[in-house]
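Colleague: Sequence and predicted model, in that order:
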Amino acid sequence: MDAISRIRKLAKRKIKTIVLPEYDDERTLEAARIIQQEGLARPLVLTPEMVDLKQKERYIEEYYKLYQSKDIDLELVKKLFSDHLYYGAMMTREGLADGLVAGANHTTADMARACIRCIGLEERFTIASSCFVMDLPSAEYGDNGTFVFADCGIIPDPNARQLSCIALTAAELAGKVLDITPRIAFLSYSTKGSAKTKSAEKIREALALLKTLSPEILADGELQADAAIVPEVAAIKSPDSPIKGRANVLIFPNLEAGNIGYKLVQRLTGCRAIGPLFLGLNKPASDLSRGCFAQDIVDSVAITAIRAQ
């Protein structure tokens, strides 16, 4: 069974309510119809008539109290909440929805800001990051052609601690959403000290920190991409690697590499790229590309629903 079919099957196990704030986007409306028809989740399209004005005022006051120490003006908060995205994020915070999916009409920066501030950060990590599920069924690498790539959307230049948190949250998503055993590779232009640079040293430190967070996890680094995913290359370049060239969770050293990497793979191979899926929040939320199709929204909702189960 390919990854998309597996995701949709898992989503149906326990139906969750996912809020879709972009009510005026035709792709969102089409996706909601498909989600309802296939029984993947309860899609809550947040139309204007569904916005409770008293509840909206309460959300505005609550948000203002949370962030007034940062010199946020009440009028600015009211302006933020003229966008249904913030209302939907506060609904998710309160548990009136189990998760949120948007981004067809919002930038990743807008999405990240709303989700981090309204939904909040998980105490274990105190950072938000993102990942993509990359599905190329015809490929022999990864997990039958399926990978998780992180971080491809939020943290420009993560330090060692942040890289370790990105790796752990991405691995947890891989286990829950894809039902696979995560095998993590911290990627670099260097394999096992073949280059003596600060960037390679940061990756080695990140691996050590990850091992303290989760001693039993399968992970290795620093590894060049071919040593991470091609067993024959791994046998030459890193014969003692515990993942043996079979990584399915790839951790990029910075945002430039991650964003370039996922887009190259997506465009050159035609693989499905689902995300960005936000990591490290108190409740699941997923961003969308502004060039997304309705089926991309369906898949992001299915993943968000699984994470909420």
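Modeller: Structure's in. What do you need? Numbers count the residues shown, from 1 in each chain.
Colleague: Only C-alpha atoms from now on, for both contacts and neighbour counts.
Modeller: Noted.
Colleague: Ile171 - nearest residue in space that isn't next to it in sequence?
Modeller: Not Ile; residue 171 is Ala. In this structure, Ala171 finds its nearest non-sequential neighbour in Pro182, 5.4 Å apart by C-alpha to C-alpha, 6 or more residues apart in numbering.
Colleague: list the contacts for the one you found?
Modeller: Applying C-alpha atoms under 8 Å, 6 or more residues apart in numbering to Pro182 gives the contacts 171-172, 174-175, 217-218, 247-249.
Colleague: Repeat the analysis, applying 10 Å as the threshold.
Modeller: 142-143, 147-148, 167-168, 170-176, 217-219, 243, 246-250 (C-alpha atoms under 10 Å, 6 or more residues apart in numbering).
Colleague: Which of the residues you listed fall in helices?
Modeller: Using DSSP state H, 167-168, 170-176 are the members of the contacts of Pro182 that sit in helices.
Colleague: tell me which element the residue lying closest to Ala219 once chain neighbours are set aside falls in.
Modeller: Of all residues not flanking Ala219 in the chain, Ile184 sits nearest, at 4.4 Å (C-alpha to C-alpha, 6+ apart). According to DSSP states H and E, Ile184 maps onto strand 183-187.
Colleague: before we move on, what about Ile203?
Modeller: Assigned by DSSP H and E, Ile203 falls in helix 198-213.
Colleague: can you pull the buried residues of that helix?
Modeller: 199-200, 202-211 (16 or more other C-alpha atoms under 10 Å).
Colleague: Likewise for stretch 55-64?
Modeller: Buried, per 16+ other C-alpha under 10 Å, within stretch 55-64: 56, 59-60, 63-64.
Colleague: Narrow the residues you listed to those in helices?
Modeller: Filtering those for helices - DSSP H - leaves 56, 59-60, 63-64.
Colleague: Could you point out which of the residues you listed is nearest to Lys192?
Modeller: Set against Lys192, the nearest of those by C-alpha to C-alpha is Tyr63 (46.8 Å).
Colleague: Show me where the chain has its strands.
Modeller: Taking DSSP state E as the test, the strands found in the chain are 17-20, 42-45, 99-101, 129-135, 146-150, 183-187, 218-223, 249-251, 272-279, 285-286.
Colleague: a markdown table please, covering those and showing mean neighbour count and distance to Arg8.
Modeller: Compiled in a markdown table, the strands of the chain are given as follows (neighbours: other C-alpha atoms under 10 Å; distance: least, C-alpha to C-alpha, whole Å):
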| stretch | mean neighbour count | distance to Arg8 |
| --- | --- | --- |
| strand 17-20 | 26 | 14 |
| strand 42-45 | 20 | 13 |
| strand 99-101 | 30 | 16 |
| strand 129-135 | 26 | 14 |
| strand 146-150 | 28 | 15 |
| strand 183-187 | 27 | 23 |
| strand 218-223 | 26 | 26 |
| strand 249-251 | 29 | 20 |
| strand 272-279 | 25 | 13 |
| strand 285-286 | 29 | 16 |
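Colleague: now those as CSV including mean pLDDT and distance to Ile116?
Modeller: Shown next, in CSV, are the strands of the chain (pLDDT from 0 to 100; distance: least, C-alpha to C-alpha, whole Å):
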stretch, mean pLDDT, distance to Ile116
strand 17-20, 98, 16
strand 42-45, 98, 21
strand 99-101, 98, 12
strand 129-135, 96, 10
strand 146-150, 97, 18
strand 183-187, 98, 25
strand 218-223, 95, 28
strand 249-251, 98, 22
strand 272-279, 95, 10
strand 285-286, 98, 10
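Colleague: Can I get stretch 277-285 in CSV, CA atoms only?
Modeller: What follows is stretch 277-285, C-alpha atoms only, in CSV (Å, rounded to 0.1, in the frame of the first residue of the first chain):
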residue,chain,number,x,y,z
LEU,A,277,3.4,20.1,8.4
PHE,A,278,4.1,22.1,11.5
LEU,A,279,6.0,20.4,14.3
GLY,A,280,6.4,21.3,18.0
LEU,A,281,2.9,22.8,18.5
ASN,A,282,0.4,21.9,21.3
LYS,A,283,-2.1,20.9,18.6
PRO,A,284,-1.5,19.7,15.1
ALA,A,285,-1.6,22.3,12.3
